[in-house]
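A.B. asks: generate coordinates for the sequence data below:
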Amino acid sequence: MSQVRTKVILYNPKAVFYTMPLALIALASYLDKGIYDVKIIDGRLEKDPLMKILDSCEGAVCFAVSVLTGAPIKDALEMTIEVKKRFPELNIVWGGWHPSLFPLETLKETPVDVVVRGQGEIAFEQILTAIINGQSFQGIAGVSYKDKVTGEIVQNAERNMVDINSFPAFNYDFVPVNSYEKLSGRNQIDYIASQGCRFRCNFCADPFMYKRGWYGYAPTRIADELETLWDKYHFEHVHFQDETFFTIGARVEAIAEEFIKRKFRFSWFGTMRADQGSRLPDEVFAKCKASGLERVMIGLESGSQRMIDWMKKDIKIPQVYESAQKCLKHGIAINFSVIIGFPGETEADMDETIRVVTDLRKMSPEFRVSIFYFKPYPGNEIADALIADGYKMPQGIKEWSDFDYVVKGSPWIPEKKFREIENFKFFQRLAWSKPSLLKTPIQTLAKWRIKNKSYHLPIERKLIELIFDRQKLS
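C.D. replies: Predicted coordinates for the structure are as follows:
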């Protein structure tokens, strides 16, 4: 007679992001299939996620949600409230970036029973073991919880980061892999080959989350897993979701060699710092290209060396150009990301950023730049200093649910400068996009506007935005 498995429901809230719910797949894959019957529900794929959740939670011991700051909180909270109404005794667990940064606030303001802070595989299994055995969550490292007797909120000790090589391979059978093509528009699979970040950028929450730790899968493991996945799903592209894929150059070279040896038939994308790219030898770039590397993402953040030093990015502007030249030489595309509007950033700093972005865009139509405006987020030195200086962060779960990562503008950018930057963002995409006979006249005009900072009466911009989808311009 087969053993009845313990039912566990995992939920990924609605969001604009199209990546697979890798955090939930990691949790599900870590749990013993002989003990647990795990179901992942993705709100982005369901017509009526609440009905699916309520039906699935019947007989379950836990409803767990991975929550990012912003709009996903709203959906996560709505589902959590309804689950708690229907199943008041069911244990509800939240993990992910937001509850990891705000465990006390999350427990105080929601029906959530337990929060997992940071890396969650081991902690979540220990939570489930405690639930099954009717035990307290006391002593489970990396966990905060409401005491069921006193209602008191308890913060257990931090959990040290564990080498992810000790974790099992992700089991993608927990999600409908092919359904994500409708979200991303591409037949791809999302994959994590490393976890953590060793760097100290003081605008980022990664140092708080990972304590500057980093662990990566061995190259043979990556190749073995992707080979098995390709045999099953026949994807065309692998999107590595690592914070810093190119952390160790020799490891990247070994990964590329494995891909070439096995004659993989997919392209791939990875994250690269400018200093990593500048140090990476040409022969390694060549191997990466031969192995299928299509595009990298480089965080430029600013074109002003003064600002880069201030934010402790630990790169030099010449390294950005060196990385760009190497990618250009080997036919590798780049997505650059830029942040404008830091406190203390001068208009001269912003002008220098625009100048560097212009240089990079001129190099290739395959080089793209995304420009964002700085918005303080907890867990880093800049946010701590601003709070100490009186800056008001969102207060409470509701205000954080309205947090917008892509907010237009910044309190540290003058309105006139903001309008100039918004025009530059539009015209740089048009000016150096892939050329065509039809676009030549307006591309020429766009380049003239940028060169002369002449954005008065941008009638062509309004017409283009009315006629075309902006995404098609790049």
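
A.B. asks: just the CA trace of stretch 296-311, in CSV.
C.D. replies: Coordinates of each C-alpha in stretch 296-311 appear next as CSV, following Å, rounded to 0.1, in the frame of the first residue of the first chain:
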residue,chain,number,x,y,z
VAL,A,296,25.2,39.7,-22.1
MET,A,297,23.9,42.3,-19.6
ILE,A,298,26.3,44.8,-18.2
GLY,A,299,25.4,47.2,-15.4
LEU,A,300,27.0,50.5,-16.4
GLU,A,301,24.9,52.3,-13.8
SER,A,302,26.6,55.7,-14.5
GLY,A,303,28.9,57.2,-17.1
SER,A,304,30.4,59.4,-14.3
GLN,A,305,33.5,57.8,-12.6
ARG,A,306,32.8,60.0,-9.6
MET,A,307,29.3,58.4,-9.2
ILE,A,308,30.6,54.9,-9.9
ASP,A,309,33.1,55.3,-7.1
TRP,A,310,30.5,56.8,-4.8
MET,A,311,28.2,53.8,-5.3
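
A.B. asks: which parts of it are buried?
C.D. replies: Within stretch 296-311, the residues that qualify as buried are 296-305, 307-308, 310-311, counting by 16 or more other Cβ atoms under 10 Å. Yep, even glycine has a C-beta here, placed from its N, CA and C like the rest.

A.B. asks: name the helix or strand of the protein that has the lowest mean pLDDT.
C.D. replies: Every helix and strand in the chain was compared by mean pLDDT, DSSP states H and E; the lowest is helix 206-210, with a mean of 78.

A.B. asks: could you identify the helix or strand that succeeds that one?
C.D. replies: Next in sequence after helix 206-210, counting helices and strands by DSSP states H and E, comes strand 214-216.

A.B. asks: and the gap between the closest residue to residue 179 other than its chain neighbours and residue 227?
C.D. replies: Spatially, and ignoring its direct neighbours in sequence, residue 179 is nearest to residue 45 (5.4 Å; Cβ to Cβ, 6 or more residues apart in numbering). The spacing between residue 45 and residue 227, counted by Cβ to Cβ, to the nearest Å, is 27 Å.

A.B. asks: cool, and residue 337?
C.D. replies: Distance, residue 337 to residue 227, by Cβ to Cβ: 31 Å.

A.B. asks: what do you get for residue 216?
C.D. replies: Look at residue 216 and residue 227: by Cβ to Cβ, they are 18 Å apart.

A.B. asks: who has more neighbours, those two?
C.D. replies: residue 216 (23 against 14; other Cβ atoms under 10 Å).

A.B. asks: touching, that one and residue 251? I think so.
C.D. replies: Yes - taking Cβ atoms under 8 Å as the definition, residue 216 is a contact partner of residue 251 at 6.2 Å.

A.B. asks: overlap in contacts, those two.
C.D. replies: Listed as contacting both residue 216 and residue 251 by Cβ atoms under 8 Å, 6 or more residues apart in numbering is no residue at all.

A.B. asks: hang on, the earlier thing: in strands only, show me the buried residues of stretch 296-311.
C.D. replies: Mapping the buried residues of stretch 296-311 onto strands (DSSP state E) picks out 296, 297, 298, 299, 300, 301.

A.B. asks: please verify my assumption that the second one contacts residue 332.
C.D. replies: No - look at residue 297 against residue 332 with Cβ under 8 Å: they stay out of range, at 11.3 Å.

A.B. asks: run through the residues that contact the residue nearest to residue 119 when sequence neighbours are not counted.
C.D. replies: Leaving aside its sequence neighbours, residue 119 sits nearest to residue 161 (Cβ to Cβ, 6+ apart; 5.6 Å). Contacts here follow Cβ under 8 Å, 6+ apart; on that basis residue 161 touches 118, 119, 195, 196, 210, 211, 213, 215.

A.B. asks: can you classify the second one as helix, strand or coil?
C.D. replies: Using DSSP: H, G, I helix; E, B strand; the rest coil as the criterion, the local structure at residue 119 reads coil.

A.B. asks: gap between it and residue 87?
C.D. replies: For residue 119, the distance to residue 87 - Cβ to Cβ - is 28 Å.

A.B. asks: okay, the two: which has more neighbours?
C.D. replies: residue 119 (25 against 16).

A.B. asks: shaky segments in this structure?
C.D. replies: Applying pLDDT under 70 to the chain flags the ranges 1-3, 468-474.

A.B. asks: list the contacts for residue 201?
C.D. replies: Contacts of residue 201 (Cβ under 8 Å, 6+ apart): 207, 301, 311, 312, 313, 314, 380.

A.B. asks: what is the nearest of these to residue 436?
C.D. replies: residue 301 (31.7 Å; Cβ to Cβ).

A.B. asks: look up how far residue 16 lies from the residue nearest to that closest one when sequence neighbours are not counted.
C.D. replies: Spatially, and ignoring its direct neighbours in sequence, residue 301 is nearest to residue 339 (5.2 Å; Cβ to Cβ, 6+ apart). Between residue 339 and residue 16 the computed distance is 19 Å (Cβ to Cβ).
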